[in-house]
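S.K.: What follows is a protein structure lacking sequence information:
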């Protein structure tokens, strides 16, 4: 297979072998120039000075007298001009987005040499189009008529007038903006190109090379065409186009759209002969549907195995082309080890780097910082995300871990950043600038410290050091531009604009991989393939939304007006990408393309139109295949742990009057034996984290302790109605008590409390909820009064005989009260209580029940613990579920078969069931198994061990 650039190298050498140094070769990109130079080296016979290679954009810019301005600087100047003509009240921040669009429109206008005054003219009479725009083609005039005709019949609500008002201002804005830039010797790229073309009339323009070869270009803008026309008239230009008759002669094929006009306007030399029928030669083409986006890379080893007979280690033999550039790392990860050299032409975008990820964490921290007095505070997650990042992994590790543990322990939602000074780099990270103007300096200082530290500790990690250095350079450039605008233009730049620029500057930066660009298999994006030919090609991501690209930049200029004045639109973009595709595969022998069938986001899951064109509208009949993945995993083995003497001994050693077997532990065992094993035998701690909201446990503690404080003066006394009325009326005392408990249980304050306790946001809502529930509970108690408070939050326990052992069972009862000879064992429940009644005792002891009645069991265990003096016939179990307090039919008593009962009625059966359960827990024959009901595992702290969720 003869490559296009190889043919060009032979042709040029044959024609100019003694004057190569006097030639300038113009390519669509630098990569094409590198490949050409290699082919030329293989062609030359003796040492020579080679020709100059450049790109078309670099060539045009080299003849401009103006310097290209930075985008922020240009938009800042444009804002002043825009305000002058429109009298807008928009701030610079609000204008910035529109400024980007206007700048892009002005760029197109200049590149295509459009008369801006004509373009922005309001054509009130359609007949004017015939006279004013007589230089346009009939199709262009028709496009203008359609637009202005539709404007004439728009609604009468002022839209037309408002639109025309803005439209009429755009030409003065454009003209004054260009005038201002010219005075400052600044320009945007389109303005540079226009200046070069308009200066061609100057006969003294020096073109130092004897010949300019324009090689492998496709879509030319008007400036480029006029520039090349001028060179052509001077006899200095030759054009070497790359094309194939298959799409050139097919008027319906958009791939030949630009080439058909290029060949007429700039015909190639008659003696430049190359094969223009290679596309129609037999090719092995496969199109592979993949049910995964990143899984497409798995086709690479299959492709390399299929093409192993034709695979060579030459730089132009095989290539992986990424239509979807996000597949770069998954592609590199699937290249087999026997492919010893891989050259990534597209470079490594810093956006994918660990350093960029870390800077984004700092951006989030900066965006969300707030002042608290003289210090900055920030949300705890933004702080811990920075502290836990791998770049800080070896810096003050123990201090960081201890600090994060302390945040969790003290439940600090907002963190004072001045506290964090474990090392110089920590101090630098959390000493945040207060002004947007200082943000660049802050990032540069952070990067400099990381670079110095890494150079000392990980000098061999050259890739990471290169990343930091490259990002440092990009931010340094951003700082120069921002400082210039701040100082010279006296412009205020908000955080939003700064971080938009920050993202743009870093998004354009890439770091080249180490390696020889002219050896091994090539990995590249679409634009890097221009002019290059490969025998073996695998294209990843050939989806309709990836190739052709579907993004079109926003514009103030409507589609029909763009069409009328010859500005490019979506059709031209499609034609450009069609040419890239057909030109790439025209000389290849083995082509495999993959496309994802996954429909998500903007992904359609559809093969590109070019794939369908190959299938239905070409001489080739591609093989349509599927790449299937086997996702079946080995089933997760059930966890079963047998008890033993050691386990029983451990449980027995811990059981005492001070540490009885609690109702909570019993309920845990009944719900999931394995959870009981993890929590009460192995002592696996549940992970502690900062509670951003007051969860059920914390709210329960606040509520219980507040009630204890309310009724503490009445322990052993009778509570009358007027006592409760007095509590209800003393709103300040009640609110202070709730606030105190929130400070203790949520804010982790120590007694005695010091200073004012501020409740904000969700904490304030929880405070109001607690007050509401407390008032309703007091109302219920008032209806019950008079009653005697026997005890509050007091431990009750009893011993159970299980064979030779005696096991202590007991817990803390929220409240015991007595009225008219009836003793109530009362349990407050702040969570969701589904039932306060049961039918038979043994249903309370059902192992692994789907919906266990744990609240009732807990209340009855307390009743059993209290019934030690033959008083079971006076004891009743009662529950105060907070969510039911407002019900008209509220009743606190636990019911059996829908009737109230005394504990004596179930005492014997209950104790027998409880004894059997406790004996089972303390049995060496026991086995700890997982619950059968996955629903229970959703919020279990140990679900990761069980691999249930």
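M.R.: Arrived safely. Everything numeric in this text was worked out from a predicted model, so none of it was measured.
S.K.: the strands in the stretch 651-800 of the chain, which residues?
M.R.: 718-719, 787-802 (DSSP state E, counting those that start in this stretch).
S.K.: could I get those as CSV with distance to residue 330, mean neighbour count and mean pLDDT?
M.R.: Where you see a C-beta, it was placed from the backbone N, CA and C, and this is true even at glycine. Rendered in CSV, the data for the strands of the stretch 651-800 of the chain read as follows (distance: least, Cβ to Cβ, whole Å; neighbours: other Cβ atoms under 10 Å; pLDDT from 0 to 100):
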stretch, distance to residue 330, mean neighbour count, mean pLDDT
strand 718-719, 71, 17, 94
strand 787-802, 59, 16, 92
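S.K.: Out of the ones you listed, the one nearest residue 313 is which?
M.R.: The stretch from the strands of the stretch 651-800 of the chain with the least distance to residue 313 (Cβ to Cβ) is strand 787-802; that distance is 76.9 Å.
S.K.: Tell me which other helices or strands that closest one touches.
M.R.: helix 696-711, strand 718-719, strand 805-819, helix 854-866, helix 907-921 (3 or more Cβ pairs under 8 Å, 6 or more residues apart in numbering; DSSP states H and E).
S.K.: low-scoring pLDDT stretches of the stretch 201-350 of the chain, where are they?
M.R.: Applying pLDDT under 70 to the stretch 201-350 of the chain picks out residues 203-204, 346-348.
S.K.: For stretch 26-40, list every residue counted as buried.
M.R.: Counting neighbours by 16 or more other Cβ atoms under 10 Å, one finds that the buried residues in stretch 26-40 are 26-29, 31-40.
S.K.: I misspoke; the intended subject was stretch 382-397.
M.R.: By neighbour count on 16+ other Cβ under 10 Å, the buried set for stretch 382-397 is 382, 383, 384, 385, 386, 387, 391, 392, 395, 396.
S.K.: just to revisit the earlier point, mean pLDDT for the helices and strands packed on strand 787-802: which is lowest?
M.R.: Between the helices and strands packed on strand 787-802, the lowest average pLDDT goes to helix 696-711, which shows a mean of 88.
S.K.: Next, format the strands of the stretch 651-800 of the chain as CSV and append distance to residue 288.
M.R.: Listed next are the strands of the stretch 651-800 of the chain as CSV, based on distance: least, Cβ to Cβ, whole Å:
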stretch, distance to residue 288
strand 718-719, 79
strand 787-802, 66
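S.K.: quick one: least confident helix or strand in this protein?
M.R.: Of all the helices and strands that make up the chain, helix 128-132 has the lowest average by mean pLDDT, DSSP states H and E, namely a mean of 59.
S.K.: Let me know the closest of the buried residues of stretch 382-397 to residue 879.
M.R.: Residue 879 lies nearest to residue 384 out of the buried residues of stretch 382-397, by Cβ to Cβ, at 39.2 Å.
S.K.: hmm, who's touching the helix or strand containing that closest one?
M.R.: In this structure, residue 384 sits in helix 380-387 according to DSSP states H and E. When contacts are defined by Cβ atoms under 8 Å, 6 or more residues apart in numbering, helix 380-387 is touched by residues 358, 361-362, 364-365, 368, 392, 400, 403-404, 407, 412-415, 417, 420, 426, 429-430, 690.
S.K.: So how do I select the buried members of the residues you listed in PyMOL?
M.R.: Written as a PyMOL command, the selection of buried residues from the contacts of helix 380-387, which uses 16+ other Cβ under 10 Å, is:
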select buried, resi 358+361+362+364+365+392+400+403+404+407+412+413+415+417+420+426+429+430+690
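S.K.: which ones among the contacts of helix 380-387 are found in strands?
M.R.: Residues from the contacts of helix 380-387 lying in strands, with DSSP state E as the criterion: 414, 415.
S.K.: where exactly do the helices run in the stretch 351-500 of the chain?
M.R.: 354-367, 380-387, 397-410, 424-429, 439-457, 462-488, 495-507 (DSSP state H, counting those that start in this stretch).
S.K.: avg pLDDT for the fourth one?
M.R.: Mean pLDDT, helix 424-429: 90.
S.K.: try the longest one
M.R.: Mean pLDDT, computed over helix 462-488, is 84.
S.K.: and if you look at stretch 38-54?
M.R.: Confidence over stretch 38-54 (mean pLDDT, whole number) is 90.
S.K.: Off-centre distance for that stretch?
M.R.: Centre-to-centre, stretch 38-54 and its host chain are 47 Å apart (Cα atoms, centre = their mean, to the nearest Å).
S.K.: Quick check: end-to-end length of that stretch?
M.R.: Between the opening and closing residues of stretch 38-54 we find a distance of 15 Å, counting by Cα to Cα, to the nearest Å.
S.K.: about what we covered before: between the helices and strands packed on strand 787-802, which one is closest to residue 137.
M.R.: helix 696-711 (74.1 Å).
S.K.: So which bits of that closest one are buried?
M.R.: Of the residues in helix 696-711, those buried under the neighbour-count criterion (16+ other Cβ under 10 Å) are 698-711.
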